[in-house]
Each structure stands twice: as structure tokens, then as C-alpha cells.
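Novice: Build me a structure from this.
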Amino acid sequence: MRFKVLAAAIFSALLTIGTAEARTFNLVGFGDSLMAGYELPPEEAFPARLETLLKQKGHDVVIANAGVSGDTSADGLARIDWSVPDGTDGVILELGANDALRGLSPEESRKNIEAMILRLKERGIPVLLAGILAPPNMGSEYEARFNPIFKELAEKHNLTFYPFFLDGVTLKPENQLKDRMHPNGAGTAVMAEKFLPTAEKFLATLKP
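Specialist: Residues are numbered from 1 along each chain as shown. Presented below is the predicted three-dimensional model:
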């Protein structure tokens, strides 16, 4: 009798584990035009590219595209509560490029990005923070104030961190649109490939 009870308990536990492993993880890609897929069809935007790669690696994941072209960090802060729905398992946070292009205060950018991180943490939603670098034409003094923001916030809040979201696209015309700022379809494919290991690391930290 005891053996039957034990066997039933083990079987139930295995079923529970199997259910947890099969659960779909719902992520949100939250950002600006780099996340939204400016001038690209939906299937070529970064979230769709990354979702495809993760599924090919065996991950049961859906990545919603919550990118809005033109958004600054302040714009993101204003909409993050309603753009990230309840039930979200994790957020890929990418904002700041428009702040730098417009020469906005790095100190304000830092405050806005940290405020978004804190709001998500208050809701129990983990964050993967994607870094951005200021364009060289903004000058070394601006770069020195802006560029460290993302790494420092990631370390402060113990976040999974990807140093430069446009890695593989910057200074590579073949991976850019004619504006030489946004990735084309080839560019988002390169971005997703480079981002994949960090995304898998992030998924491994999420609770089933």
C-alpha cells in the first residue's frame, strides 16, 4: 500500500514537472523603432526574429512586439504600465537611442530607465536590459555620461544584460536601411543571432 502511494506521488510530481517545462513563456520586447522594426514587415522585426531562433532551439516562447518608433525613455516610462500586460514572464527593455540622438540629458535618461526597471520589478516581471551607445557626433563628454548608464543599472539591479543592441549593424551598410541608422531585414537577423545566447540565459532565470 505504501509503495502504491509513493508511486502515485512520484508520478504526480513528474506530471507537474512536465507541465512546468511545457509552459509557454510570454516575453515583451519593449523599446523604440529598433525594437518595433521600422520600415520592416512584422516577421523581420527583432522580436519575431528572436522568437523564431529561440523556438528553433526548443524554447516554448512568444515575444510580443511593444516597440514604438520615436519613443524616448520618457515616452517608454509613460506607457510601460499598460504596454506590458499582466502575465508577462519577462521584458526585453531597449530604450535610449532617441534620447542620445536628440542630445537629451543622460541623467534624465538614467532616471527614466531605472524607473521602468523598478516598475517592472514591483510587478514581479524580470528584465533583460539591452544597452545603447551614443553616436560619436555627440562628443566624448556626452558619451562618458550616457554610455555607462545601461551596464551600471544592470549591475545595480542584478539584471541580465546585453551591452549593445545594434551589435552587427552599426557601421555595416549591408545591414542597414538607407538612413544608415536602422537595421534592415538582414540586420535584424544578425542582431537576433548575436542576442540569442543572452536571451537563452535570461529564459533560464525565469520561473516556470
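Novice: rest of the way, CA atoms for contacts and neighbours
Specialist: Noted.
Novice: Burial check on residue 45, number of neighbours?
Specialist: Residues near residue 45, counting by other CA atoms under 10 Å, number 26.
Novice: For the closest residue to it other than its chain neighbours, give its distance to residue 151.
Specialist: Beyond its immediate neighbours in the sequence, the residue positioned closest to residue 45 (CA to CA, 6 or more residues apart in numbering) is residue 37, lying 4.2 Å away. Residue 37 sits at a distance of 24 Å from residue 151 (criterion: CA to CA, to the nearest Å).
Novice: Which one of these two is surrounded by more residues?
Specialist: Each of residue 37 and residue 151 has its neighbours counted (other CA under 10 Å); residue 37 has more, 25 against 19.
Novice: wait, doesn't that one sit right on residue 48?
Specialist: No - distance between residue 37 and residue 48: 9.5 Å, which falls outside the contact criterion (CA atoms under 8 Å).
Novice: Keeping just the C-alphas, turn the helix or strand containing residue 112 into PDB.
Specialist: Assigned by DSSP states H and E, residue 112 falls within helix 106-122. Taking Å, rounded to 0.1, in the frame of the first residue of the first chain, the C-alpha atoms of helix 106-122 are listed here in PDB:
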ATOM      1  CA  PRO A 106      21.800  61.400 -19.800                       C
ATOM      2  CA  GLU A 107      20.900  61.900 -16.200                       C
ATOM      3  CA  GLU A 108      17.200  62.100 -17.100                       C
ATOM      4  CA  SER A 109      17.600  59.000 -19.300                       C
ATOM      5  CA  ARG A 110      19.100  57.100 -16.400                       C
ATOM      6  CA  LYS A 111      16.200  58.100 -14.100                       C
ATOM      7  CA  ASN A 112      13.600  57.100 -16.700                       C
ATOM      8  CA  ILE A 113      15.200  53.700 -17.500                       C
ATOM      9  CA  GLU A 114      15.700  52.900 -13.800                       C
ATOM     10  CA  ALA A 115      12.100  53.900 -13.100                       C
ATOM     11  CA  MET A 116      10.900  51.400 -15.700                       C
ATOM     12  CA  ILE A 117      13.100  48.700 -14.200                       C
ATOM     13  CA  LEU A 118      11.600  49.400 -10.800                       C
ATOM     14  CA  ARG A 119       8.000  49.400 -12.000                       C
ATOM     15  CA  LEU A 120       8.500  46.000 -13.700                       C
ATOM     16  CA  LYS A 121      10.300  44.600 -10.600                       C
ATOM     17  CA  GLU A 122       7.400  45.800  -8.400                       C
END
